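Colleague: Predicted model follows, preceded by the sequence.
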Amino acid sequence: MILPELPEDSRVWIFGAAQLLEATHLDLLKTQMDKFVSDWSAHGAQLSAGYSILHDSILIVAVDENVAPPTGCSIDKVFKLLGNFPVDFLQRMLVWQPFCNTSKVFNLAQVKESVQSKILDGETIVINTMVTNLRDVRERLYIPFKDSWAFGKL
């Protein structure tokens with residue numbers, strides 16, 4: 001189970017890397033995220049948070065809003081951390097097709113090409129980056145491409 005220490009109504013943010021993370025970047029991300037979630041606070045209140053890295057490219061950050069809700073400033077800190085990371089996590093127009101412990105990353109042009117060449121079809125499983133709580137991550141992180149935001153962009 002993803003982030004079993006947090007309740008299912010925890011708020012989540014999904015960040016996907018623009019490329020697969022190499023071992024050095026994975027180690028760096030783990031180190032930075034360990035420190036970040038242990039220090040993360042909102043107006044002096046410690047946040048109950050966690051993270052998970054999946055498929056060498058997907059970062060899930062979660063916070064239990066029942067303990068203390070994040071504020072705009074505290075949420076901005078996640079984006080600032082990732083904005084300074086050596087690999088781009090802030091591109092929102094990408095699609096990730098998971099394979100075991102890794103994934104294939106597609107930009108929108110590659111998605112269109114892959115659909116035309118039948119590498120991707122409506123039933124291909126992709127990462128659902130539109131989830132907003134941990135329940136949805138646990139139940140609907142993996143969806144058919146036809147149910148993704150990107151399918152409507154074709």
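Modeller: That came through, no problem.
Colleague: by contact count, what packs against the longest helix along the chain?
Modeller: Longest helix in the chain by number of residues (criterion: DSSP state H): helix 23-39. Applying 3 or more Cβ pairs under 8 Å, 6 or more residues apart in numbering; DSSP states H and E, one finds that helix 23-39 contacts strand 49-54, strand 58-63, helix 72-83. (Glycine included, C-beta is placed from N, CA and C.)
Colleague: and the angle for it with helix 72-83?
Modeller: Angle of helix 23-39 versus helix 72-83, following axes from the mean of the first three to the mean of the last three Cα atoms, to 10 degrees, is 170 degrees.
Colleague: and the helix or strand following helix 23-39, which strands flank it?
Modeller: Moving toward the C-terminus from helix 23-39, the next helix or strand (DSSP states H and E) is strand 41-42. Strand pairing for strand 41-42, using DSSP bridges, gives strand 45-46 (antiparallel).
Colleague: Work out the gap between the strand it pairs with and the centre of the chain.
Modeller: Relative to its chain's centre, strand 45-46 lies at 23 Å (Cα atoms, centre = their mean, to the nearest Å).
Colleague: ok, and what's touching it?
Modeller: For strand 45-46, contacts defined as Cβ atoms under 8 Å, 6 or more residues apart in numbering pick out 40, 67-68.
Colleague: If we use 7 Å, what do you get?
Modeller: Ala68 (Cβ atoms under 7 Å, 6 or more residues apart in numbering).
Colleague: State the mean pLDDT of that strand.
Modeller: Across strand 45-46, the average pLDDT comes to 94.
Colleague: rewinding a little: would JSON lines of the helices and strands packed on helix 23-39 with distance to Thr24 be doable?
Modeller: Output for those, formatted as JSON lines (distance: least, Cβ to Cβ, whole Å):
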{"stretch": "strand 49-54", "distance to Thr24": "14"}
{"stretch": "strand 58-63", "distance to Thr24": "16"}
{"stretch": "helix 72-83", "distance to Thr24": "17"}
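Colleague: For Lys153, which of those is the nearest?
Modeller: strand 58-63 (19.8 Å; Cβ to Cβ).
Colleague: now that closest one: mean pLDDT?
Modeller: Strand 58-63 carries an average pLDDT of 98.
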